[in-house]
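Trainee: Pasting the sequence and the predicted model now:
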Amino acid sequence: MTLTRREKKLLSEVDVEREWELLEVFSKLVRVSGSEDERKAAEYLSRKLSEYGVRHSVFEPDLYISRPKRASVTVLEPEYRELRHDDVAMNPKTPSFSRSGTYEGELIPVETRQRDTMEGFFAPEVKRIDASGKAVLMDGLLLPKLAVEAQAMGARAVISISPGRWTHEGIISPIWGTPTLKDIGNLPNIIAATISKVDGELIRRYAVQGTVRVRVETELEEGWFKCPLVVAEIWPPNREDGDFILLHGHYDSWHVGIGDNAVGNAVMLEVARILQSNRSKLRRGVKIAWWPGHSTGRYAGSTWFADRFANEIWDGCVAHLNCDSPGCKDATSYDEVMAMAETRQFLANVIKDVTGKGSHFLRPVRAGDYSFHGLGVTGMLMLSSSMPRRLRDEKGYYPVGGCGGNIEWHTEYDDMRVADKGVLAADTKIYLLATYRIASEPIYPFDYRETVKESIEIVDSYQEKAGHLFDLTPTLTALRNLLKSVEELYASLRVGRMSRRRAEQLNRVLKRIARTLIPLSYTRAGEFGHDPALEVKPYPALAEVLGLSELERDETRLRFAQTQLTREQNRIVQKLNELRRDVEDSVKRLKATR
């Protein structure tokens, strides 16, 4: 695609100086959820939206969050050493949902490896040992996977070694959003702290000499906090409901959090301003949401919204776009963009039309306020621009979860120096153009043939791994038959006059495809549920086949697993066949309206 005259005019309205004003304001606010500074930030957003004439609501959900207060790590043996530095960003930190308390005892190193990919960032490899009643020392950022692994070893405390000079804030709860009675038992029950690479190397030298004893002290505040949640709504004239696009990102922060995520907040506010003045050109609505509870509640704000408005989202949400850490210095590459299969060509066109650059896409990982898998909503973006890998390697940087790849992420140094006006302008235009095109084109601009093709590739790979131990032919047959029907549906796009009624018919069935395939492909919890913030294999109900070879020597357990897989496959095939019949019926009706 190329930019139309209307789109060029729309993009010309982006005003980076307006966006910079928000960054200046937020650079003085430590927006920890439930704090006065977070409330001041919400009031600023509300005030600017009113100034732009954008209708909006400020909700005040009670969110269950954990706010770190202090942490200390002291080596007791083989010599006394308190790990403390003049550079505050090097000092020990405790993550949200660590247990408050003191551990004093032996520390055992554990072999860990964090792969240099975005997928590996969230799922490091850990070699388990017996650490009952002790503390374990691991390499890497202190994410849920490390805490879960430490508890599985029986450890009472975990210390992670940052990959670099600085320690990073974080959260170790694997529970997505507010806990329920079913998963409350999965809240961490371990004392956790992160130390700098310098301190980690010191402790490892001690470990070579013999026994290492440490004292780890943590203090956190855990409980219910009222947190403002701002939602703007922009509708075409004379419309206040129906289909809509959800653009969203968190506005709470660690420290002043300019790169994560004040820049995203500025982008969203600017998109709201421009779309409000161009709403007569929209065919469907746009909702823009600023989430609290991202950093200290494991996406508690977006999860609350998904739960509170679940049926409205199911009925009307066409797609969601996550806006986290755009506009950061040196982030000039689009080679690690998260996007579902159906959106990739659409998003590649948007990025090309705005920047002239190519892009490379990754399947969304279980992170980043993607709280809508269970509702079957097509999703794209999470992080947008990133530092080119070559430059990252030259700087000696390691993967982080935001700030465009800058390692100030989740530290005291994530301030105004992380933002870049040129990158911010480009990323704002990408989000604006993507949102505008989805909201204005007659037919949803997504290719669900690619979704089905990806599904076939995934299940094919599972069949190869399963071999003779399980037959996935029924699923593959159902998917291939579905692909034929979906291809016929898309062929109908090129035939006949595209009346409004015909467009609505097509959009209804496209939405139906998403509502079926996304929960199957992305969730264990299914419709309306939320999986933990841990790695989820594609088509998780069938991914159990990957472990069958390990059970081959235990016939009873193997047969139990095969029985489970049979039931799951029956459920999936039924849903796929039902979807295929719906698509075929829609094609017949579309042919009748030519």
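Mentor: Yep, it's here. Numbers count the residues shown, from 1 in each chain.

Trainee: can you list the weak-confidence ranges in the protein?
Mentor: Low-confidence segments of the chain, defined by pLDDT under 70: 114-123, 495-497, 594.

Trainee: Please enumerate the strands of the stretch 301-450 of the chain.
Mentor: 317-322, 337-338, 361-362, 378-380 (DSSP state E, counting those that start in this stretch).

Trainee: With distance to Phe372 as added columns, please give these in TSV.
Mentor: Any C-beta I mention is one placed from the backbone N, CA and C, and that applies to glycine too. TSV is the format used below for those (distance: least, Cβ to Cβ, whole Å):
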stretch	distance to Phe372
strand 317-322	5
strand 337-338	13
strand 361-362	18
strand 378-380	7
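
Trainee: Export the ones you listed to JSON lines and append columns for distance to Met416 and mean neighbour count.
Mentor: Below are those laid out as JSON lines (distance: least, Cβ to Cβ, whole Å; neighbours: other Cβ atoms under 10 Å):
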{"stretch": "strand 317-322", "distance to Met416": "23", "mean neighbour count": "25"}
{"stretch": "strand 337-338", "distance to Met416": "25", "mean neighbour count": "24"}
{"stretch": "strand 361-362", "distance to Met416": "29", "mean neighbour count": "18"}
{"stretch": "strand 378-380", "distance to Met416": "28", "mean neighbour count": "26"}
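
Trainee: mind checking which of the ones you listed is nearest Gln562?
Mentor: When these are ranked by distance to Gln562, counting by Cβ to Cβ, first place goes to strand 361-362 at 32.1 Å.

Trainee: Direction included, what does the closest one pair against?
Mentor: In the sheet, strand 361-362 lines up against strand 337-338 (parallel) (DSSP bridges).

Trainee: neighbouring contacts of the strand it pairs with?
Mentor: Residues outside strand 337-338 that contact it (Cβ atoms under 8 Å, 6 or more residues apart in numbering): 118, 322, 347, 351, 359-365, 368, 379-384.

Trainee: Only whichever of those are buried, select them in PyMOL.
Mentor: To isolate the buried members of those in PyMOL, using 16 or more other Cβ atoms under 10 Å:
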select buried, resi 118+322+347+351+359+361+362+363+364+365+368+379+380+381+382+383+384
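
Trainee: Could you look up the SS state of Ile159?
Mentor: strand (DSSP: H, G, I helix; E, B strand; the rest coil).

Trainee: tally of neighbours for it?
Mentor: Counted by other Cβ atoms under 10 Å, the residues lying close to Ile159 total 28.

Trainee: and if you look at Val208?
Mentor: By the measure other Cβ under 10 Å, the count of residues near Val208 is 8.

Trainee: Can you tell me the element it falls in?
Mentor: Applying DSSP states H and E as the criterion places Val208 in helix 197-209.

Trainee: can you give me the angle that helix makes with strand 157-161?
Mentor: Calculated by axes from the mean of the first three to the mean of the last three Cα atoms, to 10 degrees, helix 197-209 forms an angle of 120 degrees with strand 157-161.

Trainee: next structured bit after helix 197-209?
Mentor: Downstream of helix 197-209, the first helix or strand assigned by DSSP H and E is strand 213-226.

Trainee: Other residues contacting that next one?
Mentor: By Cβ under 8 Å, 6+ apart, the surrounding residues in contact with strand 213-226 are 33-34, 60-77, 94, 96-107, 135, 157, 159, 191-193, 203.

Trainee: Assign Glu464 to helix, strand or coil.
Mentor: helix.

Trainee: what's the neighbour count on it?
Mentor: 10.

Trainee: quick one: it and Leu476, what's the gap?
Mentor: 11 Å (Cβ to Cβ, to the nearest Å).

Trainee: that older thread, which of the contacts of strand 213-226 fall within helices?
Mentor: Ile203 (DSSP state H).

Trainee: and the angle from the lengthiest strand in the chain to strand 157-161?
Mentor: As assigned by DSSP state E, the longest strand anywhere in the chain is strand 62-77. Strand 62-77 and strand 157-161 are oriented at 80 degrees to each other (the same axes, to 10 degrees).

Trainee: didn't Ile458 look like it was pressed against Pro538?
Mentor: Yes: counting by Cβ atoms under 8 Å, Pro538 is a contact partner of Ile458 at 4.5 Å.

Trainee: can you list residues touching both of those two?
Mentor: Contact with both Ile458 and Pro538 is made by residues Ser521, according to Cβ under 8 Å, 6+ apart.

Trainee: for Arg567, what are its contacts?
Mentor: With Cβ under 8 Å, 6+ apart as the criterion, no residue contacts Arg567.

Trainee: typed the wrong thing, it's Glu19
Mentor: By Cβ under 8 Å, 6+ apart, the contact list for Glu19 reads Val263, Ala266, Val267, Leu269, Glu270, Gly327, Leu424, Thr428.

Trainee: among these, who's most crowded?
Mentor: Counting neighbours by other Cβ under 10 Å, Val263 comes out on top of the contacts of Glu19 with 34 neighbours.

Trainee: Just want the phi and psi numbers for the closest residue to it other than its chain neighbours.
Mentor: Spatial nearest neighbour of Val263, chain neighbours left out: Gly327 (4.0 Å); criterion: Cβ to Cβ, 6 or more residues apart in numbering. Main-chain torsions, Gly327, degrees, to the nearest 10: phi 70, psi 30.

Trainee: still on that earlier bit, partners of the very next helix or strand once past the longest strand of the chain, with directions?
Mentor: Downstream of strand 62-77, the next assigned helix or strand under DSSP H and E is strand 81-82. With DSSP bridges as the test, strand 81-82 is paired with strand 62-77 (antiparallel).

Trainee: residues of the strand it pairs with that come out buried?
Mentor: Neighbour counts over strand 62-77 (16+ other Cβ under 10 Å) mark Leu63, Tyr64, Ile65, Ser66, Arg67, Pro68, Ala71, Ser72, Val73, Thr74, Val75 as buried.

Trainee: so what's the residue nearest the centre of the chain up against?
Mentor: With distances taken as Cα atoms, centre = their mean, Gly368 lies nearest the centre of the chain, 2.1 Å away. By Cβ under 8 Å, 6+ apart, the residues touching Gly368 are Tyr299, Asn322, Asp324, Met338, Met382, Leu383, Gly401.

Trainee: Equivalent analysis for Arg6, please.
Mentor: Contacts for Arg6 (Cβ under 8 Å, 6+ apart) come out as Lys281.

Trainee: what do you get if the cut-off is 6 Å, keeping everything else the same?
Mentor: Contacts for Arg6 (Cβ atoms under 6 Å, 6 or more residues apart in numbering) come out as none.

Trainee: Give me the three-state assignment for it.
Mentor: helix.

Trainee: Residue numbering should commence at 712 henceforth.
Mentor: Yes, from this point I'll number from 712; that puts the last item at Arg717.

Trainee: Please report the distance of it from Ser1232.
Mentor: Here Arg717 is placed at a distance of 35 Å from Ser1232 (Cβ to Cβ).

Trainee: ditto for Asn1192
Mentor: Per Cβ to Cβ, Asn1192 is found 17 Å from Ser1232.

Trainee: Give the burial count for the residue nearest to Ser1044 when sequence neighbours are not counted, as a bare number.
Mentor: Using Cβ to Cβ, 6+ apart and skipping the chain neighbours, the partner closest in space to Ser1044 is Pro1099 (4.2 Å). By other Cβ under 10 Å, the residues close to Pro1099 number 17.

Trainee: Give me the phi and psi for Pro1099.
Mentor: phi -60, psi 140.

Trainee: wait, doesn't it sit right on Tyr1045?
Mentor: No: between Pro1099 and Tyr1045 there is no contact under Cβ atoms under 6 Å: 9.9 Å.

Trainee: Lys937 pairs with what?
Mentor: Counting by DSSP bridges, Lys937 is bridged to Asp773.

Trainee: And the one 5 residues further on, by the same measure?
Mentor: Assessed by DSSP bridges, Val942 has beta-bridge partners Ser768, Ala1000.
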